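>>> Everything below, folded, please.
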Amino acid sequence: MKLENEPTLHEIDDYDNNESPEKRKTIYWIIGIMVVIGIGSYIYLGNSASLGEDYVGTAEQPGIISTKPF
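Predicted coordinates for the structure are as follows:
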């Protein structure tokens, strides 16, 4: 079913790799920025995740320190 005034694929500017260099550059910028934001978020969340201390035990019942001294 075709609506009135609906363009065909060949009438669309971006069909079949006919997009303008400006549009292509814009898309590359958007993808690049999203990748940078994604990597930054992954690093931030990885570093800020609180895994707790390496000390196992309480003040009343001391445990062990699981980190090795250098």
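
>>> And the strands in this protein, which stretches?
With DSSP state E as the criterion, the chain has strands at 55-56, 64-65.

>>> Got the phi and psi for the residue sitting furthest away from the middle of the chain?
Relative to the centre of the chain, the most outlying C-alpha is that of Glu60, 44.4 Å out, by CA atoms, centre = their mean. Backbone torsions of Glu60, given as degrees, to the nearest 10, read phi -70, psi -40.

>>> just use 30 as the starting number from now, easier for me
OK, 30 is where the count begins now, so the last one is Glu89.

>>> Could you measure from it over to Lys52?
Distance, Glu89 to Lys52, by CB to CB, to the nearest Å: 67 Å. For glycine as for every other residue, the C-beta is placed from the backbone atoms N, C-alpha and C.

>>> Next: Gly92.
From Gly92 over to Lys52 the distance is 61 Å, taken as CB to CB.

>>> Repeat that for Asn46.
From Asn46 to Lys52 the distance is 11 Å (CB to CB).

>>> okay, these two: which has more neighbours?
Between Asn46 and Lys52, Lys52 has the larger neighbour count (other CB atoms under 10 Å), namely 11 against 6.

>>> which residues touch that one?
Asp43 (CB atoms under 8 Å, 6 or more residues apart in numbering).

>>> at 10 Å what do you get?
Asp42, Asp43 (CB atoms under 10 Å, 6 or more residues apart in numbering).

>>> swap in Asn46?
Asn46 touches Arg53, counting by CB under 10 Å, 6+ apart.

>>> Equivalent analysis for Pro36, please.
Neighbouring residues of Pro36 by CB under 10 Å, 6+ apart: Asp42, Tyr44.

>>> try 6 Å this time
Residues near Pro36 by CB atoms under 6 Å, 6 or more residues apart in numbering: none.

>>> what bits of this protein have low per-residue confidence?
30-31, 78-86, 93-99 (pLDDT under 70).
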